[in-house]
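Undergrad: Sequence and predicted structure below; questions after.
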Protein chains: 2
Amino acid sequence: MQIIVAKRAGFCFGVKRAIDIAFDLVKNREGGVYSLGPIIHNPQVIKKLEAKGVNPIENAHSSIIKTLIIRTHGISPEVYNDIAKLDFKLVDATCPFVKKAQQQVQNLEKEGYQVLILGDKDHPEVQALLGFAGDNVVVVSSNETIPKLKGKVGIIVQTTQPIESLKKVVCQVIDKVRKIKIYNSICESTIVRLEETEKLAGMVDIMIVVGGKNSANTTQLAVLSKNICDKVKHVETSEELKNEWFKGAEKAGITGGASTPQWIIDEVVEKIKEISGRR
Amino acid sequence: MQIIVAKRAGFCFGVKRAIDIAFDLVKNREGGVYSLGPIIHNPQVIKKLEAKGVNPIENAHSSIIKTLIIRTHGISPEVYNDIAKLDFKLVDATCPFVKKAQQQVQNLEKEGYQVLILGDKDHPEVQALLGFAGDNVVVVSSNETIPKLKGKVGIIVQTTQPIESLKKVVCQVIDKVRKIKIYNSICESTIVRLEETEKLAGMVDIMIVVGGKNSANTTQLAVLSKNICDKVKHVETSEELKNEWFKGAEKAGITGGASTPQWIIDEVVEKIKEISGRR
């Protein structure tokens, strides 16, 4: 069986940077290193970090914290102002592309636009963006019908959304509003990863999507693949792979989310080789 | 045979205003009234105006001009500066919605956007808009592939374009550029007229589109109707109507462009009633 791994599967720039920051911190500090919520949405990576001494914490008002890392998804100005005055070192590992989107939301709000965020309401990145957007903000997910809008609308996008969703939402907004400003804040790595996954899913008999079940962007890769390939499996680790999935398959494709580490992808490849060899 | 006339067939606000201005002028002036090019794209209305003493002229540098009317489509700042210093009274009959679009193009240019005009390159409205757009401007018609674009793009639309064309172009721009500002300058009357025509074309056996063969917005109504109705005829006057077109038809729809006068539409209705009665 031929195994094809998508070139851009795995850590994006922002995730790699955040993980590097976290590992560097525990090298030089003696305990008390925490991240405000899990740094990224991958349980296996979080476990590795915990083993090294970086623990996720939900409440920043805790005396055990000596160093607090702001995760890739960023935080709202309100949360920042609340924790900045506390007695610990604050380390900002917000993805620079997310940071840029936050600034763009701020600009839109200052320029009098009603901000429309395309993304998942409950995702921490969107939660943080909301804090920059003023009172008239609207959050819309990709398949939602947009609500009534005000005179001029400024559109910003969760960095891991598909570009096709942006197009759909913009077409809806054009039907309702005459002045529109768009910041396409989808990161380049998302665009390329989705394109590669789409192409790969059309070439193979089975697609293995590797990454956190809680990772929105990994789940999106699985959804996209299911539209194209008949057999798609979303796994977090190689242990979940089952022999019978690969019966009759000549080509297997592997892709992974922005928060999926290379070592898990490597393990998945090895395991599939093993399964393939057995037959 | 049932005859259904689209509610918004005929003169839009801007055309009505310009024609009123022209007729008022010849009431109070003794000759020498000219328009820079035909005021609107309807040969029959132009003839009526000529009979009253409003003649189209292509070259403003002429000593016979005592009053010069700027037509609905507007003129570029360059042309304005050239003719404003000449020795005649200048009367501006530019459609207020076109005027607004010109201001919006100027804003986009000042804010550093590369201006993209969606429209027909040779249409006088677009020619005038071009004069406000600076050096980096791009004109794209509805079915054209857009060229390479710069960092941030500001989109403006010829007031008589279909909204679906705007959506198509915006989706193309989203694939190329991250910062986009859109002024949807399509006038409300265009949007409603296209919607009504689309609906009507789906209900009738034959569509009669009335208006200047040189009128872009009338031609567009004919193109749209042809996508929906099997039998579509574009006529300028009732004289062009032919008995055989209506053989077997139970319902006839009539629509007209923004530059089509009510009296021509009325004549077309009368003629069809006559044809219908004969059978």
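TA: Structure's in. What do you need?

Undergrad: Taking the centroid of chain A, which residue is nearest it?
TA: Centroid-nearest residue in chain A, with Cα atoms, centre = their mean: residue A:217, separated by 4.8 Å.

Undergrad: ok, that one touching residue A:160?
TA: Yes: Residue A:217 is within contact range of residue A:160, at 3.9 Å (criterion: Cβ atoms under 8 Å). Any C-beta I mention is one placed from the backbone N, CA and C, and that applies to glycine too.

Undergrad: any shared contact partners between these two?
TA: Applying Cβ atoms under 8 Å, 6 or more residues apart in numbering or on different chains, one finds that residue A:217 and residue A:160 are jointly contacted by A:190, A:258.

Undergrad: For the helix or strand hosting the residue nearest to the centre of chain A, name the packing helices and strands.
TA: Element membership for residue A:217 (DSSP states H and E) is helix A:216-226. Judged by 3 or more Cβ pairs under 8 Å, 6 or more residues apart in numbering or on different chains; DSSP states H and E, helix A:216-226 is in contact with helix A:188-201, strand A:206-210, strand A:232-235, strand A:251-256.

Undergrad: right, and these - which one's nearest residue B:192?
TA: Each of the helices and strands packed on helix A:216-226 has some distance to residue B:192 by Cβ to Cβ; the shortest is helix A:188-201, at 37.3 Å.

Undergrad: hmm, back to that, deepest-packed of the helices and strands packed on helix A:216-226, please.
TA: Each of these was scored by mean neighbour count; the highest is strand A:206-210, a mean of 28, by mean count of other Cβ atoms under 10 Å in any protein chain shown.

Undergrad: of the helices and strands packed on helix A:216-226, which approaches chain B most closely?
TA: Comparison of these against chain B by Cβ to the nearest Cβ identifies helix A:188-201 as nearest, at 9.5 Å.

Undergrad: what's the distance between that closest one and the middle of its chain?
TA: Centroid separation for helix A:188-201 versus its chain: 14 Å, with Cα atoms, centre = their mean, to the nearest Å.

Undergrad: ditto for stretch A:177-186
TA: Centroid separation between stretch A:177-186 and its chain, computed with Cα atoms, centre = their mean, is 22 Å.

Undergrad: can you check stretch A:269-277 too?
TA: Distance, centroid of stretch A:269-277 to centroid of chain: 28 Å (Cα atoms, centre = their mean).

Undergrad: Could you list the buried residues of that stretch?
TA: A:269, A:271, A:272, A:275 (16 or more other Cβ atoms under 10 Å in any protein chain shown).

Undergrad: Out of those, which is nearest to residue B:29?
TA: Closest to residue B:29, out of all of the buried residues of stretch A:269-277 and judged by Cβ to Cβ, is residue A:269, at 86.1 Å.

Undergrad: in the helix holding residue A:217, what counts as buried?
TA: For helix A:216-226, by 16+ other Cβ under 10 Å, it's A:216, A:217, A:218, A:219, A:220, A:221, A:222, A:224, A:225.

Undergrad: before we move on, the earlier item: nearest to residue B:141, of the helices and strands packed on helix A:216-226?
TA: Across those (criterion: Cβ to Cβ), the nearest stretch is helix A:188-201, sitting at 27.7 Å.

Undergrad: gap between the closest residue to residue A:191 other than its chain neighbours and residue A:216?
TA: Take residue A:191 and drop its neighbours on the chain: the residue closest to it by Cβ to Cβ, 6 or more residues apart in numbering or on different chains is residue A:163, 5.9 Å away. Using Cβ to Cβ, to the nearest Å, one gets 16 Å for the distance from residue A:163 to residue A:216.

Undergrad: Backbone torsions only: list them for residue A:56.
TA: Residue A:56 adopts backbone torsions of phi -70, psi 140, taken as degrees, to the nearest 10.

Undergrad: That one: neighbour count?
TA: 15 (other Cβ atoms under 10 Å in any protein chain shown).

Undergrad: so who does it touch?
TA: Taking Cβ under 8 Å, 6+ apart, one finds A:34, A:35, A:36, A:37, A:38, A:39, A:46, A:50 in contact with residue A:56.

Undergrad: let's see it at 6 Å
TA: Under the criterion of Cβ atoms under 6 Å, 6 or more residues apart in numbering or on different chains, the neighbours of residue A:56 are A:35, A:37, A:38.

Undergrad: what do you get for residue A:8?
TA: A:192, A:193, A:196.

Undergrad: which stretches of chain A form strands?
TA: Read by DSSP state E, chain A holds these strands, from start to end of the chain: A:2-5, A:33-36, A:54-57, A:67-70, A:89-92, A:114-118, A:138-140, A:152-157, A:179-183, A:206-210, A:232-235, A:251-256.

Undergrad: Run me through the strand neighbours of the last one, direction for each.
TA: Just to be clear, that refers to strand A:251-256. strand A:2-5 (parallel), strand A:206-210 (parallel) (DSSP bridges).

Undergrad: CA atoms of the shortest one as PDB?
TA: Taking C-alpha atoms only, strand A:2-5 is exported to PDB below (Å, rounded to 0.1, in the frame of the first residue of the first chain):
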ATOM      1  CA  GLN A   2       1.200   3.500  -0.900                       C
ATOM      2  CA  ILE A   3       1.200   6.000   2.000                       C
ATOM      3  CA  ILE A   4       1.100   9.700   1.100                       C
ATOM      4  CA  VAL A   5       1.600  12.300   3.800                       C
END
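
Undergrad: Which positions in that strand come out as buried?
TA: A:3, A:5.

Undergrad: Need the residues that contact it.
TA: With Cβ under 6 Å, 6+ apart, strand A:2-5 has contacts from A:251, A:252, A:253, A:254, A:272.

Undergrad: Now find how far off-centre that strand is within its chain.
TA: 24 Å.

Undergrad: What residues does chain A have near chain B?
TA: Applying Cβ under 6 Å from any Cβ of the partner chain, we find that chain A lies next to chain B at A:167, A:170, A:171, A:174, A:178, A:180, A:181, A:182, A:184.

Undergrad: Any figure for the gap between the last one and residue A:113?
TA: Computed with Cβ to Cβ, the distance linking residue A:184 and residue A:113 is 15 Å.

Undergrad: got it, and the third one?
TA: Relative to residue A:113, residue A:171 is positioned 18 Å away (criterion: Cβ to Cβ).

Undergrad: Compare these two (neighbour count), which wins?
TA: More crowded of residue A:171 and residue A:113, by other Cβ under 10 Å: residue A:113, with 25 against 16.

Undergrad: Quick check, that one in contact with residue A:154.
TA: Yes: look at residue A:113 against residue A:154 with Cβ atoms under 6 Å: they come within range, at 3.1 Å.

Undergrad: In the stretch 1-150 of chain A, what residue comes closest to chain B?
TA: Counting by Cβ to the nearest Cβ, the stretch 1-150 of chain A gets nearest chain B through residue A:104, at 8.7 Å.

Undergrad: hang on, isn't that residue packed against residue A:183?
TA: Yes: assessed by Cβ under 6 Å, residue A:104 is found in contact with residue A:183 at 4.2 Å.

Undergrad: Quickly list what's touching both of those two.
TA: residue A:156.

Undergrad: the helices in the stretch 51-200 of chain A, which residues?
TA: A:77-84, A:96-110, A:124-130, A:163-174, A:188-201 (DSSP state H, counting those that start in this stretch).

Undergrad: Please indicate which of these has the most neighbours on average?
TA: helix A:124-130 (a mean of 22).

Undergrad: Average pLDDT for that helix, rounded please.
TA: What helix A:124-130 shows for mean pLDDT is 97.

Undergrad: Same question for stretch A:45-60.
TA: pLDDT averaged over stretch A:45-60 gives 94.

Undergrad: Tally up the residues packed near the residue lying closest to residue A:32 once chain neighbours are set aside, please.
TA: Excluding the flanking residues, the one nearest residue A:32 by Cβ to Cβ, 6+ apart is residue A:66, at 2.8 Å. By the measure other Cβ under 10 Å, the count of residues near residue A:66 is 14.

Undergrad: can I assume residue A:66 is in contact with residue A:28?
TA: No: with contact defined as Cβ under 6 Å, residue A:66 does not reach residue A:28; the gap is 11.8 Å.

Undergrad: Chain neighbours aside, what residue packs nearest to residue A:189?
TA: residue A:12 (4.1 Å).
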